[in-house]
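Visitor: sequence first, then the predicted structure, then my questions.
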Amino acid sequence: MLTASLSPIDLDWLAWIALVPLLISLKGKASLVALKLGLLTGLSHYLTLIYWIVVVLSHYGNINFILSLAVLSLLSLYLALYIAFFALIFVSLAQDRLSSFWGAGVWVTLEYARAHIMTGFPWCLLGYSQYSRLPLIQISDISGVYGISFVIVLVSILIYRIFFVSHLLRKGKSIGIEIILTSFLMGSILVYGHNSLIEKADTDLEGKGLRAVVIQGNIDQSIKWDPGFQKQTLAIYNNLSEKSVDFRPHVIIWPETALPFFFQDRSYLSSEVFKTAKITNSHIIFGSPAYAKDNDTILYYNRAYIISEKRVYDYYDKVHLVPFGEYVPLKKYMPFVHRLVPAAGDFSPGKKVRPINAPDFQIGALICFEAIFPDISRKLAMQGADLLVNITNDAWFGRTSAPYQHLSMAAFRCIENGLPMARAANTGISAFILANGKIVSKTGLFIRQVLQEEIKCDGKKTFYSQHGDVFAILLVIVTIIRFFWILIEKRR
């Protein structure tokens, strides 16, 4: 049920009851048994959620299928530990007053930890299941996605306590307080969301107008890095871009590494990109690998450029790299492990998160899975980005659920920061997302397509943009204090 509540199945209502079977199974269990039950739940969830890793490794990475299954199993086991720890801690809280709130706090604490430990992997946190429920998720501009996870788990535990813990109903008082508080919280969130949607709808009529075009080139991954296919790749992007001339775009957006060569080496291929900018009379944002010399070492970067017909205005080097996709962690200890991306060498992270500048606007570029890390988008918003642009190459995922999941997470970055987003994906899903998180247009998978949209950028800073994950951090602090208090009580 946890997996089915997320994209692409999108049975989002299941998220509100998905944990109830686990909670029932934990009733009266010892700590070790609870840990095992939580681990089983986590494995069931993650093996079905991120099965696409096998496709990435075996089909595109040319890694043995059995070894690919082993990698999936190990990663799923690691992620399952967080649900196992939730189960372990919950059995110690189950008899407490307000245990629904304590349990939801534990869940968010563990999600926050998962987003940061070992560079972080916050893929498909529970709150993302509600990405299409716009009135509910507007509170993310205060709490981030963690606020949505909190209320889902809160309601799940409350349902369990109402229907499956009969002695609480006989006592009445404790469960009654939780019902009242939860009802008040949910009502407040929905009222806030409704008013916020009305306010953002009015704002969409104001602010800076930007005509943007997204190009989905649909370049086959098996030939993408073939030098003999470079001219044809460039011709595809040029021809699709020129179709948008009548729209008079301010900016045209191509995907991550749309140019599979070093654009910085001024060549015939580079000059063709400048010609397209001249023909369309617009700026072009695109991805290309880049390099720089550091003494005797050559460093490679995954770079996003913005150019006009005459010059390169600015660029951004990807800061949060994909482990094993763009670099190999602990490479000197694992010389037998190679990256999946066939380029000149391991990529190096960029120096800092910052917008890329054009004459009349600033772009917050998010390269590939940087869009799943809330803090990167927040830093871009605080530095004055007018528009978030996510350029990615999701061809690695094939026709799995991953491209749908990737898009659903990107929508939250818009709400959190009050900024619209243009998303250009090589093989899809490309999209335009409004500041309220609504996906107003999107492409299909593995088709060649052009999207055009005029979007408004008002530049207002949200509470989340200014203060970040204050909600989640407060829950982490309170949960840790409560956890140690439980340990002290048990020792007594």
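Guide: Arrived safely, thanks for sending.
Visitor: can we go C-alpha only for contacts and neighbour counts from here?
Guide: OK.
Visitor: hey, where'd the helices end up in the stretch 151-300 of the chain?
Guide: 166-171, 173-203, 230-242, 268-280 (DSSP state H, counting those that start in this stretch).
Visitor: quick one: closest of these to Y305.
Guide: helix 268-280 (11.4 Å; Cα to Cα).
Visitor: okay, and for the stretch 301-450 of the chain, where does confidence drop off?
Guide: 324-325, 327-345 (pLDDT under 70).
Visitor: hmm, 90 instead?
Guide: Filtered on pLDDT under 90, the stretch 301-450 of the chain yields the residue ranges 309-311, 320-349, 358-361, 369, 395-396, 398, 428.
Visitor: mind checking how far the residue most central in space within the chain is from C414?
Guide: Centroid-nearest residue in the chain, with Cα atoms, centre = their mean: I372, separated by 2.1 Å. Separation of I372 from C414 (Cα to Cα, to the nearest Å): 12 Å.
Visitor: the helices of the stretch 151-300 of the chain: lowest mean pLDDT?
Guide: Here the helices of the stretch 151-300 of the chain differ in mean pLDDT, and the lowest is helix 166-171 at a mean of 58.
Visitor: my guess is the residue nearest to the centre of the chain contacts M409, does it?
Guide: Yes. Applying Cα atoms under 8 Å as the test, I372 and M409 come out as touching, 6.0 Å apart.
Visitor: my guess is Y60 meets K224, correct?
Guide: No. Y60 is beyond contact range of K224, at 11.8 Å (criterion: Cα under 8 Å).
Visitor: which residues touch stretch 15-33?
Guide: 1-2, 5, 34, 37-38, 41, 87-88, 91, 126, 129, 152-153, 155-157, 159-160, 164 (Cα atoms under 8 Å, 6 or more residues apart in numbering).
Visitor: again, only using 6 Å
Guide: Here stretch 15-33 makes contact (Cα atoms under 6 Å, 6 or more residues apart in numbering) with M1, L2, S5, A34, L88, I152, S156, Y160.
Visitor: quick one: pLDDT of the second one?
Guide: According to the predicted model, the pLDDT of L2 comes to 97.
Visitor: that one: how many residues sit nearby?
Guide: Residue neighbour count, defined by other Cα atoms under 10 Å, stands at 22 for L2.
Visitor: which stretches of this structure form strands?
Guide: Under the criterion DSSP state E, the chain contains strands at 208-216, 251-253, 283-294, 297-307, 312-317, 356-357, 362-367, 387-392, 421-425, 431-433, 439-442, 449-457.
Visitor: among those, show me which one is buried the most.
Guide: Mean neighbour count (mean count of other Cα atoms under 10 Å) peaks for strand 421-425 among the strands of the chain, with a mean of 30.
Visitor: given it, what are its sheet partners and their directions?
Guide: strand 387-392 (parallel), strand 431-433 (antiparallel) (DSSP bridges).
Visitor: that one: how far from the chain's middle?
Guide: 13 Å (Cα atoms, centre = their mean, to the nearest Å).
Visitor: can we start the residue count at 434 from this point?
Guide: Yep, numbering from 434; the last one is strand 854-858 now.
Visitor: got the angle for it vs strand 795-800?
Guide: 40 degrees (axes from the mean of the first three to the mean of the last three Cα atoms, to 10 degrees).
Visitor: and the contacts of strand 854-858?
Guide: Contacts for strand 854-858 (Cα under 6 Å, 6+ apart): 647, 687-688, 820-826, 863-866.
Visitor: roughly how far does P853 sit from L643?
Guide: For P853, the distance to L643 - Cα to Cα - is 11 Å.
Visitor: typo on my end, it should be R924
Guide: Distance from R924 to L643, by Cα to Cα: 62 Å.
Visitor: do the same with L508
Guide: 41 Å.
Visitor: now swap in M551 and tell me
Guide: 38 Å.
Visitor: also A818?
Guide: The separation that A818 has from L643, given Cα to Cα, amounts to 13 Å.
Visitor: same thing with D750?
Guide: For D750 relative to L643 (Cα to Cα), the value is 24 Å.
Visitor: could you dump stretch 534-542 to PDB, C-alpha only?
Guide: Presented in PDB, the C-alpha positions along stretch 534-542 are these (Å, rounded to 0.1, in the frame of the first residue of the first chain):
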ATOM      1  CA  PHE A 534       1.900  12.800  17.600                       C
ATOM      2  CA  TRP A 535       5.000  11.200  19.000                       C
ATOM      3  CA  GLY A 536       4.800   8.500  16.300                       C
ATOM      4  CA  ALA A 537       4.500  11.000  13.500                       C
ATOM      5  CA  GLY A 538       7.400  12.900  14.900                       C
ATOM      6  CA  VAL A 539       9.600   9.700  14.900                       C
ATOM      7  CA  TRP A 540       8.600   9.100  11.300                       C
ATOM      8  CA  VAL A 541       9.600  12.600  10.200                       C
ATOM      9  CA  THR A 542      12.900  12.400  12.200                       C
END
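Visitor: so for that stretch, mean pLDDT?
Guide: 95.
Visitor: what residues does R811 make contact with?
Guide: Contacts of R811 by Cα under 6 Å, 6+ apart are S898.
Visitor: about what we covered before: now the contacts of strand 854-858 as a markdown table including distance to L452?
Guide: Listed next are the contacts of strand 854-858 as a markdown table, based on distance: Cα to Cα, whole Å:
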| residue | distance to L452 |
| --- | --- |
| V647 | 39 |
| W687 | 41 |
| P688 | 38 |
| L820 | 37 |
| L821 | 34 |
| V822 | 35 |
| N823 | 32 |
| I824 | 35 |
| T825 | 33 |
| N826 | 34 |
| S863 | 32 |
| A864 | 32 |
| F865 | 33 |
| I866 | 30 |
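Visitor: farthest pair in those?
Guide: L820 and N826 (19.6 Å).
Visitor: was I right about S874 contacting F865?
Guide: Yes. In this structure S874 lies within contact range of F865 using Cα atoms under 6 Å: 5.5 Å.
Visitor: ok, now how distant is G642 from W658?
Guide: Counting by Cα to Cα - G642 and W658 are separated by 36 Å.
Visitor: wait, W829
Guide: For W829 relative to W658 (Cα to Cα), the value is 13 Å.
Visitor: higher neighbour count, these two?
Guide: Using other Cα under 10 Å as the criterion, W829 and W658 rank with W829 on top: 25 against 19.
Visitor: which one is the more buried one nearest to, not counting chain neighbours?
Guide: V489 (5.5 Å; Cα to Cα, 6 or more residues apart in numbering).
Visitor: neighbours around that neighbour, how many?
Guide: Neighbour tally, V489, other Cα under 10 Å: 20.
Visitor: any idea of the pLDDT on it?
Guide: 87.
Visitor: do the same with F694
Guide: 88.
Visitor: gap between it and G783?
Guide: 19 Å.
Visitor: next one: S715
Guide: S715 is 26 Å from G783, by Cα to Cα.
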